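*Asks:* After the sequence you'll find the predicted model.
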Amino acid sequence: MVQVSVNNGSIKLLKDFKNLSCGGSLDISPDNKYIVYDIQQNENSQQNDIHILSIDGTMDKKLVGDLGNDSSPFWAPNGKEILFISDRYGTNDLWKLKIENGNTIGVSKIVKSDLGSRNRILGFTKDKAIFYSTNNSRIDVYIADMKMGANKDVKRPLKISSLKTKRNMNAVWSPNGQFVAYSRFNPFRDEILGHQQQFTIYDTESGTRKNLDTDMFGNTVMFNPQWTSDNEKLLIQGMIKDDYQGGLFLFDINTNKKTAIKVSDNMTVGKIDDSYRFYTLSNDDKSIFYFSEDKKSILKYTIKSKLETTIISGSKTIHFFELSNDNTKIAFGYWFENDKNLYTVSTSGDGKQKLMEFDCDCADNVVSWGKDDKFIYFNDGKFRNFKKLLRISVDGGDPEEVIEFKDIFENGTITRVNIHPDENAVLVELEVGKEEVWKLDGIFNE
């Protein structure tokens with residue numbers, strides 16, 4: 001934690017967190033004498049405590065600490081109390097604690113019970129009311145039938161994710177179609193490493209789940225696991241604490257062993273996202289395809305030779321791509337303010353062809369190639385709000401509708417889909433619920 005002068009830009013170190021992660025929330029007292037902040041309880045903990053630091057450096061101590069997670073400290077307008085969020089009783093509750101000269105007065109008291117999940121204190125009004133946001137949405141993974149012309153009963157979906165986790169995402173079929181891998185969102189975030197990578201493997205034959213909690217970290221949205229051809233490993237993007245090594249690793253789902261494939265030391269979550277925002281493993285496990293950092297090229301990395309080559313490059317920003325099953329072609333598209341077309345190109349970089357033009361300013365359209373590479377499947381709808389699944393022949397022509405999602409899901413938003421290798425089923429990620437902003441009055445009436 002540092003103090004930066006607005007006059008001359010000089011920097012003063014206030015606090016070195018060493019190996020602990022700051023929870024990401026801090027607030028300066030109205031008299032500019034103290035800072036309250038949340039910090040990891042210990043190096044291996046996923047819980048935070050709340051500390052107070054005097055700006056003159058004479059005081060630095062714990063204010064709030066218990067077995068629960070205490071976070072998001074905020075000074076009251078009068079400078080005599082702090083508010084914070086704690087889950088010590090099993091729900092995320094809003095608490096307050098009186099402070100005088102940097103010391104606690106009395107004990108903490110609950111102001112509001114159960115704020116919901118993924119909450120945040122936004123600030124105060126002049127009349128001392130508090131605004132906070134809460135997001136009670138959840139994302140679950142379903143398997144739906146995708147037989148052409150099937151009726152509603154045939155398409156009735158099967159939910160495969162557990163109720164224990166509120167955000168399940170990045171679902172992908174194994175090459176043999178027996179397993180599904182998806183990531184489970186861990187709300188604890190290390191400021192340097194990001195979120196811990198936690199996956200679940202669902203077996204469609206037995207109906208059982210196997211949870212994998214790795215020692216790797218990263219950006220949950222970017223996890224994007226990729227199966228190897230033997231159905232036993234996942235190629236995942238992430239970081240480990242040793243030398244902050246980050247990049248692409250192979251993770252064995254049976255032994256939990258990880259193998260570095262393309263990594264660098266002294267990485268950050270942001271650097272990894274820039275380098276591997278989207279990547280795909282070839283079906284022969286020999287190559288990895290990903291964007292250049294400026295997103296204007298598609299690159300190929302040959303694992304054995306460690307050689308990186310450019311497949312296609314230009315002045316436009318590329319938004320998405322999908323590799324064909326025989327590893328010979330790529331379907332891709334640009335950011336839509338520049339170009340609304342779907343293209344194909346060979347993995348040698350030759351033969352770029354326009355296949356169709358999208359009707360809307362969609363995002364992440366292309367889902368996958370069909371099993372014989374005769375069709376390309378794509379979504380119709382806005383970003384993380386897909387309405388239909390369609391497909392188009394690689395020879396061109398008019399797209400045909402495969403699924404209209406409202407026929408299967410009466411409520412919620414479709415955020416992502418993934419096609420079964422045999423084209424007989426689809427993984428659907430369904431988000432229900434919404435973010436809300438609340439106003440709370442009367443918390444300082446005592």
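*Replies:* Here it is on my side, so go on. Numbering: from 1, shown residues only.
*Asks:* Tell me who's in contact with the residue nearest to residue 385 when sequence neighbours are not counted.
*Replies:* Among residues not flanking residue 385 along the chain, residue 413 sits closest, at 5.1 Å (CB to CB, 6 or more residues apart in numbering). No exception for glycine: its C-beta is placed from N, CA and C like everyone else's. Applying CB atoms under 8 Å, 6 or more residues apart in numbering to residue 413 gives the contacts 384-385, 430-432.
*Asks:* Return the distance of residue 413 relative to residue 295.
*Replies:* Relative to residue 295, residue 413 is positioned 26 Å away (CB to CB, to the nearest Å).
*Asks:* next one: residue 303
*Replies:* 23 Å.
*Asks:* Next: residue 42.
*Replies:* Counting by CB to CB - residue 42 and residue 295 are separated by 39 Å.
*Asks:* of the two, who's got more company?
*Replies:* residue 295 (16 against 10; other CB atoms under 10 Å).
*Asks:* Verify the stated contact: that one with residue 318.
*Replies:* Yes. Assessed by CB atoms under 8 Å, residue 295 is found in contact with residue 318 at 5.7 Å.
*Asks:* any shared contact partners between the two?
*Replies:* Joint contacts of residue 295 and residue 318 (CB under 8 Å, 6+ apart) do not exist.
*Asks:* and residue 369, what are its bridge partners?
*Replies:* Bridge pairing for residue 369 (DSSP bridges) gives the partners residue 376.
*Asks:* For it, give its distance to residue 139.
*Replies:* Distance from residue 369 to residue 139, by CB to CB: 25 Å.
*Asks:* Then residue 339?
*Replies:* 30 Å.
*Asks:* Which pLDDT value belongs to residue 39?
*Replies:* Per-residue pLDDT puts residue 39 at 86.
*Asks:* oh, I was asking about residue 97
*Replies:* For residue 97, pLDDT reads 93.
*Asks:* burial of it, as a residue count?
*Replies:* 20.
*Asks:* What sits closest to it if chain neighbours are left out?
*Replies:* Residue 97 sits nearest to residue 108 (CB to CB, 6+ apart), 4.5 Å away.
*Asks:* Please apply the same query to residue 421.
*Replies:* Per CB to CB, 6+ apart, closest to residue 421 is residue 177, 4.8 Å.
*Asks:* Just the pLDDT for that neighbour.
*Replies:* 96.
*Asks:* Can you name the element that comes right after the helix or strand hosting residue 274?
*Replies:* Counting by DSSP states H and E, the element that carries residue 274 is helix 269-275. Remark: after helix 269-275, the chain's next helix or strand is strand 279-281, criterion DSSP H and E.
*Asks:* quick revisit: quick one: which of residue 339 and residue 139 has more around it?
*Replies:* Comparing residue 339 with residue 139 by other CB under 10 Å, the one with more neighbours is residue 139, at 24 against 17.
*Asks:* Wasn't that one part of a strand?
*Replies:* Yes. Counting by DSSP: H, G, I helix; E, B strand; the rest coil, residue 139 falls inside a strand.
*Asks:* Following the helix or strand of the chain with the lowest mean pLDDT in sequence, what is the next regular element?
*Replies:* Ranking every helix and strand in the chain by mean pLDDT, DSSP states H and E puts strand 189-190 at the bottom, with a mean of 71. Per DSSP H and E, the first helix or strand lying C-terminal to strand 189-190 is strand 194-203.
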